[in-house]
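A.B. asks: coords below, sequence missing:
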Ligand SMILES: Cc1ncc(COP(=O)(O)OP(=O)(O)O)c(N)n1
Ligand SMILES: Cc1nc(C(=O)O)sc1CCOP(=O)(O)O
Ligand SMILES: [Mg+2]
């Protein structure tokens with residue numbers, strides 16, 4: 001499987017990428033320290049995702065940063081993306097694994113104890129846990145779980161984990177203290193006029209926090 005680092009997970013949102021294109025935002029974020037990128041666009045359909053995804057794959061080639069596609073397995077396959085992220089209302093992780101094979105990265109959203117207990121470690125490579133806070137970026141988000149909820153679900157799911165939902169630079173220490181391997185952000189990078197500087201600030205905080213937690 002492609003190796004992956006969840007430390008700073010950029011989730012793209014075309015509505016927030018106003019001053020920069022999705023490709024420009026992604027490359028700036030990678031230059032700033034983003035370690036993994038998700039193509040999430042709910043409006044363009046499979047053909048649109050394939051078009052943008054191919055541009056992203058070309059631009060990201062050689063960066064060592066994996067590209068994950070949100071929701072759409074047909075697009076992920078057509079693009080040759082490194083993986084797929086699915087939620088509880090999407091195709092199952094098992095179906096995704098059957099279609100994608102062992103080499104691709106599969107991420108699964110978990111938002112409560114019940115779904116955390118059902119995570120199959122032989123199928124799911126990482127879990128996205130949230131929302132930590134309410135966020136305008138995803139109007140249909142589930143109830144916020146806070147950092148205590150994050151720590152609780154991580155212990156149950158026992159998989160590499162990334163926290164998501166309303167997270168900014170100031171939250172880095174609490175994300176890692178809760179036991180997560182990283183934080184996923186949309187508006188903190190996509191909505192910023194200088195996505196490279198925004199990513200760099202968060203990545204610098206992550207490095208400092210990780211070294212403080214290191215034995
Ligand atoms: C890293 C990460 N974690 C959680 C999600 C949310 O996925 P989902 O619940 O399927 O919601 P949508 O993103 O599809 O609206 C995510 N995308 N990425
Ligand atoms: C895509 C997504 N999924 C969430 C979940 O809780 O599953 S919250 C979210 C949006 C996060 O955006 P921002 O960093 O701008 O708050
Ligand atoms: Mg989804």
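C.D. replies: Cool, got the structure. Every value quoted in this text rests on a predicted model; they were computed, and no experiment measured them. Ligands and ions are numbered 1, 2, ... in the order given.

A.B. asks: would residue 131 count as being in a helix?
C.D. replies: No: counting by DSSP: H, G, I helix; E, B strand; the rest coil, residue 131 is not part of a helix but coil.

A.B. asks: What values do phi and psi take at it?
C.D. replies: The phi/psi pair for residue 131 (degrees, to the nearest 10) reads phi -80, psi 140.

A.B. asks: That one against residue 138, yeah?
C.D. replies: Yes: judged on CB atoms under 8 Å, residue 131 makes contact with residue 138 at a distance of 7.2 Å. C-beta: built from backbone N, CA, C; applies to glycine.

A.B. asks: When those two are compared, which one has more neighbours?
C.D. replies: residue 131 (24 against 18; other CB atoms under 10 Å).

A.B. asks: For residue 206, see how far away the more buried one is.
C.D. replies: 20 Å (CB to CB, to the nearest Å).

A.B. asks: Is residue 6 in a helix, a strand, or coil?
C.D. replies: Residue 6 is classified as coil under three-state DSSP.

A.B. asks: Residue 78 too?
C.D. replies: Secondary structure, three-state DSSP: residue 78 is helix.

A.B. asks: Just give me the neighbour total for the closest residue to it other than its chain neighbours.
C.D. replies: Using CB to CB, 6 or more residues apart in numbering and skipping residues adjacent in sequence, the residue nearest residue 78 is residue 50, 4.8 Å away. Using other CB under 10 Å, residue 50 has 20 neighbouring residues.

A.B. asks: from memory residue 50 sits against residue 79, does it?
C.D. replies: Yes: using CB under 8 Å, residue 50 makes contact with residue 79 at a distance of 5.9 Å.

A.B. asks: So which residues on this protein come close to ligand 1?
C.D. replies: 9, 11, 38, 40, 70-71, 85, 87, 90, 107, 109, 128, 130, 138, 162, 164, 184 (CB under 6 Å from any ligand atom).

A.B. asks: tell me, which of these make contact with ligand 2?
C.D. replies: Of the residues of the chain next to ligand 1, the ones that also sit near ligand 2 (CB under 6 Å from any ligand atom) are 11, 109, 128, 130, 138, 164.

A.B. asks: between these, which is closest to ligand 3?
C.D. replies: Set against ligand 3, the nearest of these by CB to the ion is residue 109 (6.7 Å).

A.B. asks: The closest one - how many residues pack around it?
C.D. replies: When neighbours are counted by other CB under 10 Å, residue 109 comes out with 19.

A.B. asks: If you tally nearby residues, what's the number for the closest residue to it other than its chain neighbours?
C.D. replies: Counting by CB to CB, 6+ apart, residue 109 lies nearest to residue 87, which is 4.0 Å off, once chain neighbours are set aside. Using other CB under 10 Å, residue 87 is surrounded by 16 other residues.
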